[in-house]
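K.L.:
here is a sequence together with a model predicted from it:
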Amino acid sequence: MALADLDWLEFFFGTRATPLLPESEPSATLKQIHSNLVFPVKLDTGCLGEGDALVTNQPGVWLSVRSADCFPVILADPVNRAIGVIHSGWRGAAANIVAATIDTMASHFSTSGQNLHAAIGPGIGKCCFEVGGEVGCQFGYTESGKILLDLSSIISKQLKQHSVGEITNNGTCTKCHPELYHSFRRDGETAGRMISAARIRA
């Protein structure tokens, strides 16, 4: 079962054309710092602090992250009706924010990884994500030169390590598609950001 088959869940992965969330609808977000910090959301709205993932079991509140090459990841627990929304670049992946988010959902909502459904949104593909050995070594690479890092596969592996069996992957490279996506690697400081979000239907 994919996330789209869960009738109690609303979610989307942003593009250049995605509008801002309506101000009339409660939403929670963070000042993203490429960390493994996770915020549980009760009835909180607005910017809740510095971190890179939000989790809740409260209906009606949008959880949102922004990205421009980093990967948005949405988790849904249909057993306990809880969700998580993650922003994961290479620093977040190196700090295993996926594991931190699942562990937070387990402690707050009794979530089991085996019950989770996950979707990985668009982000920079291996085709365009060249990094140096100082980054590659954090993911088990031993080469000292340039490496094409497959961050999407790394995130997927981290989900599987927490027994998440249902994983869908958008597979679209943000840098390769300027007509659809913002990309920091392509556009530098002028790059915009896409909003990805999820909420439990009220």
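P.N.:
That came through fine. Numbering: from 1, shown residues only.
K.L.:
quick one: buried residues of the longest helix along the chain?
P.N.:
In the chain, taking DSSP state H as the definition, the longest helix is helix 97-109. Going by neighbour count (16 or more other CB atoms under 10 Å), the buried part of helix 97-109 is 97-98, 100-106, 108-109. From N, CA and C alone the C-beta is placed, and that goes for glycine too.
K.L.:
likewise stretch 44-59?
P.N.:
Of the residues in stretch 44-59, 44, 48, 51-58 count as buried by neighbour count, 16+ other CB under 10 Å.
K.L.:
and which of those is nearest Glu143?
P.N.:
Closest approach between those and Glu143, by CB to CB: Asp52, at 27.6 Å.
K.L.:
OK, contacts around the closest one?
P.N.:
30, 32-38, 65, 86-88, 92, 97 (CB atoms under 8 Å, 6 or more residues apart in numbering).
K.L.:
what helices or strands is the helix-or-strand element of the chain with minimal mean pLDDT leaning on?
P.N.:
When each helix and strand of the chain is scored by mean pLDDT, DSSP states H and E, helix 133-136 comes last, with a mean of 92. When contacts are defined as 3 or more CB pairs under 8 Å, 6 or more residues apart in numbering; DSSP states H and E, helix 133-136 sits against strand 147-148.
K.L.:
C-terminal to the strand it packs on, what's the next element?
P.N.:
The C-terminal neighbour of strand 147-148 among helices and strands, as given by DSSP states H and E, is helix 151-161.
K.L.:
now do that next one: everything it contacts.
P.N.:
71, 73, 88-90, 93, 96, 98-99, 116, 118, 120, 123-126, 129, 139, 167, 169, 171.
K.L.:
show the buried residues in those.
P.N.:
Buried, going by 16+ other CB under 10 Å: 71, 73, 88-90, 93, 96, 98, 116, 118, 120, 123-125, 129, 139, 167, 169, out of these.
K.L.:
so which of the residues you listed belong to strands?
P.N.:
The strands, defined by DSSP state E, take in 71, 73, 88, 118, 120, 167, 169 from those.
K.L.:
ok, the fifth one - contacts?
P.N.:
Meaning Ile120. By CB under 8 Å, 6+ apart, the neighbours of Ile120 are 71-73, 152, 155-156, 167-170.
K.L.:
and the gap between it and Lys157?
P.N.:
11 Å (CB to CB, to the nearest Å).
K.L.:
number of residues surrounding His87?
P.N.:
Neighbour count for His87, taken as other CB atoms under 10 Å: 25.
K.L.:
same question, Ser144
P.N.:
Ser144 has 11 nearby residues by other CB under 10 Å.
K.L.:
excluding its backbone neighbours, what's nearest it?
P.N.:
Leaving aside its sequence neighbours, Ser144 sits nearest to Gly133 (CB to CB, 6 or more residues apart in numbering; 4.3 Å).
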